[in-house]
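Trainee: Fold the following, please.
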Amino acid sequence: MKRTKEKIRLNLLAVVVEPEHDCALINLNNFSFIGYDLLDQYYCTSALTNCGGFDETFLPADLNNLGLIEDYKKAYEIKEKLYQNNPYEEHADTNVIAVWRHQVIGH
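Mentor: Numbers count the residues shown, from 1 in each chain. Okay, here's the model as predicted:
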């Protein structure tokens, strides 16, 4: 936090890569669970919001207001279908990332 110049426009996140269980009920002090993202194998690009759409696999209506998937099983179903439907697209080979956002910092 000391290295962050502008503290008004940031989010402090806690994440779990490839969770083995539903994370929605995991309580972290001062954090709120906000959903699951699907990041490419480089951990750089969200297949959900930064790839221009994979309409054959999921639609914007499948995402919450933060552009994330709320349901654990659905996140893994979309991950599997995404790769099956787009085997040659590098951003379709994804990691499921559970995400919590700090309730105070950055708000």
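Trainee: for stretch 97-107, what is the average pLDDT?
Mentor: Averaged across stretch 97-107, pLDDT comes to 86.
Trainee: How about stretch 60-67?
Mentor: On average, stretch 60-67 scores 93.
Trainee: Quick check: end-to-end length of stretch 43-51?
Mentor: Chord length of stretch 43-51, first to last residue, is 13 Å (Cα to Cα, to the nearest Å).
Trainee: So what's the gap between that stretch and the chain middle?
Mentor: Average the C-alpha atoms of stretch 43-51, do the same for its chain, and the two points are 9 Å apart (Cα atoms, centre = their mean, to the nearest Å).
Trainee: Which of the residues in it are classified as buried?
Mentor: The neighbour-count check on stretch 43-51 (16 or more other Cβ atoms under 10 Å) flags 45, 46, 47, 48, 51 as buried. Glycine gets a C-beta too; all of them are placed from N, C-alpha and C.
Trainee: contacts for it?
Mentor: 37-40, 54, 58, 63, 67-69, 82, 91-92, 94-95 (Cβ atoms under 8 Å, 6 or more residues apart in numbering).
Trainee: Of these, which belong to strands?
Mentor: Using DSSP state E, the members of the contacts of stretch 43-51 that fall within strands are 37, 38, 39, 40, 94, 95.
Trainee: Going by neighbour count, which of these comes out on top?
Mentor: residue 38 (27 neighbours; other Cβ atoms under 10 Å).
Trainee: so it sits right up against residue 79, yeah?
Mentor: Yes - between residue 38 and residue 79 there is a contact under Cβ atoms under 8 Å: 5.7 Å.
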